[in-house]
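okay, here's the prediction I keep looking at, along with the sequence it came from:
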Amino acid sequence: MSRIAYVNGQYVPHKDAAVHVEDRGYQFADGVYEVCEVWQGKVVDMPRHVDRLDRSLTELRIDWPMARPALEFVIREVVRRNRVRDGIVYIQVTRGVAKRDHYFPSGDVVPSIVVTARTADPRLAEKTADTGISVITYPENRWPRVDIKTVALLPNVLAKQAAKEQGCKEAWYFDADGFVTEGGSTNAWIVSKDGVLITRPAESGILRGITRAVVLDLVEREGISFEERPFSVDEAKEAREAFVTAASTLVMPVVRIDDSVVGNGHPGSVALRLRALFHTATDFMAV
Ligand code: PLP
């Protein structure tokens with residue numbers, strides 16, 4: 001079956017899907033995106049993702065490409081047409097196509113929108129979660145507005161590539177004070193030596209992850225001992241457990257940070273419990 005992409009009002013074969021060479025996303029990274037999990041044929045937490053898309057668009061003063069219900073329909077339709085049962089759906093909106101010029105284009109330029117979806121084998125993710133992943137630490141070098149989910153991901157690309165070249169899956173950024181901010185494409189969590197789950201507050205230095213928000217709901221529901229505060233690289237290396245969260249990986253245990261083994265080197269019980277419970281706290285939208 002051939003893949004289908006939605007590009008500016010049309011469903012087209014994925015292999016032919018294209019945007020104009022003067023799209024501002026292409027030339028200036030002047031755009032925003034979302035990634036939602038597709039689980040058992042349902043788009044997970046779509047309202048929260050679309051709310052965050054709305055916030056990103058507002059912060060960058062990019063117009064909505066279409067009415068919200070229409071976008072939600074397109075998202076589900078792309079998942080349906082690609083027959084994705086488990087995987088992800090990707091939504092990208094840019095300021096549109098205009099003669100290259102740093103200033104915002106005049107009012108008649110319409111935003112560009114692309115929606116794609118792809119299947120991912122959930123068994124592979126489970127296999128990874130069974131053993132856990134390793135992360136490197138990496139000096140924070142991104143702009144301060146990481147709360148906006150922009151497509152300007154070059155620092156993240158370089159950090160994650162550095163991780164890959166060291167046999168790791170993720171890079172954990174640390175700020176000038178030695179505190180972990182977040183991963184290149186995930187939020188970061190630890191369980192301290194005395195069993196308290198800790199993650200950095202969303203006020204600064206991180207993207208307000210949707211998976212993070214769902215896990216926070218779970219933590220409250222399950223009565224798990226929790227503190228929202230910054231934690232340092234040193235504290236993380238001495239932690240009992242560590243894990244990352246993102247729509248594409250859900251709750252993923254971390255078993256090594258640089259050269260330090262976390263806990264006993266195996267995925268921790270809090271991470272595995274939250275992973276197992278994750279879908280009991282999400283909102284589903286059937287495709
Ligand atoms: N932080 C960064 C930098 C990300 O790119 C992502 C996801 O892409 C996340 C955190 C996790 O966000 P979410 O849980 O909404 O996928």
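Structure's in. What do you need?

which helix or strand contains residue 125?
Taking DSSP states H and E as the definition, residue 125 sits inside helix 122-131.

now that helix - C-alpha only, CSV.
Backbone C-alpha positions of helix 122-131 (Å, rounded to 0.1, in the frame of the first residue of the first chain) are rendered in CSV as follows:
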residue,chain,number,x,y,z
PRO,A,122,5.1,-1.5,19.0
ARG,A,123,7.0,-4.7,19.7
LEU,A,124,10.3,-2.9,18.8
ALA,A,125,9.5,-0.1,21.3
GLU,A,126,8.7,-2.7,24.0
LYS,A,127,11.9,-4.5,23.3
THR,A,128,13.8,-1.2,23.8
ALA,A,129,11.9,-0.5,27.0
ASP,A,130,12.8,-4.0,28.3
THR,A,131,16.5,-3.1,28.3
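
buried stuff in that helix?
For helix 122-131, the neighbour count (16 or more other CB atoms under 10 Å) marks 125, 129 as buried. C-beta coordinates here come from the backbone N, C-alpha and C atoms, glycine included.

just checking: what are the partner strands of the least confident helix or strand in the chain by mean pLDDT?
Of all the helices and strands that make up the chain, strand 284-286 has the lowest average by mean pLDDT, DSSP states H and E, namely a mean of 81. In the sheet, strand 284-286 lines up against strand 42-44 (antiparallel) (DSSP bridges).

list the beta-bridge partners for residue 87.
Counting by DSSP bridges, the residues bridging with residue 87 are residue 38, residue 119.

in contact with it, which residues?
38, 117, 118, 119, 120 (CB atoms under 8 Å, 6 or more residues apart in numbering).

and the second one, how many neighbours does it have?
Around residue 117 there are 28 other residues, counting by other CB atoms under 10 Å.

for it, helix, strand, or coil?
strand (DSSP: H, G, I helix; E, B strand; the rest coil).

ok, it touching residue 85?
No. Look at residue 117 against residue 85 with CB atoms under 8 Å: they stay out of range, at 10.7 Å.

overlap in contacts, the two.
Joint contacts of residue 117 and residue 85 (CB under 8 Å, 6+ apart) are residue 38.

residues near the closest residue to the ligand within the stretch 51-200 of the chain, how many?
Nearest residue of the stretch 51-200 of the chain to the ligand (CB to the nearest ligand atom) works out as residue 185 at 4.0 Å. For residue 185, the neighbour count with other CB under 10 Å is 21.

closest to the centroid, which residue in the chain?
residue 246 (4.7 Å; CA atoms, centre = their mean).

what does the stretch 1-150 of the chain have sitting close to the ligand?
residue 35 (CB under 6 Å from any ligand atom).

quick check: the residue of the stretch 1-150 of the chain found nearest the ligand vs residue 49, distance?
Residue of the stretch 1-150 of the chain nearest the ligand, by CB to the nearest ligand atom: residue 35 (5.6 Å). Separation of residue 35 from residue 49 (CB to CB, to the nearest Å) stands at 8 Å.

please say which of these two ends up with more neighbours.
A direct count of neighbours by other CB under 10 Å for residue 35 and residue 49 places residue 49 higher, at 22 against 16.

burial count for residue 238?
Should you count by other CB under 10 Å, residue 238 turns out to have 14 residues around it.

state the distance from it to the ligand.
24 Å (CB to the nearest ligand atom, to the nearest Å).

let me see the contact set for the nearest residue to that residue once chain neighbours are set aside.
Nearest non-adjacent residue to residue 238, counting by CB to CB, 6 or more residues apart in numbering: residue 193, 6.1 Å away. Neighbour list for residue 193: 238, 239, 240 [criterion: CB under 8 Å, 6+ apart].
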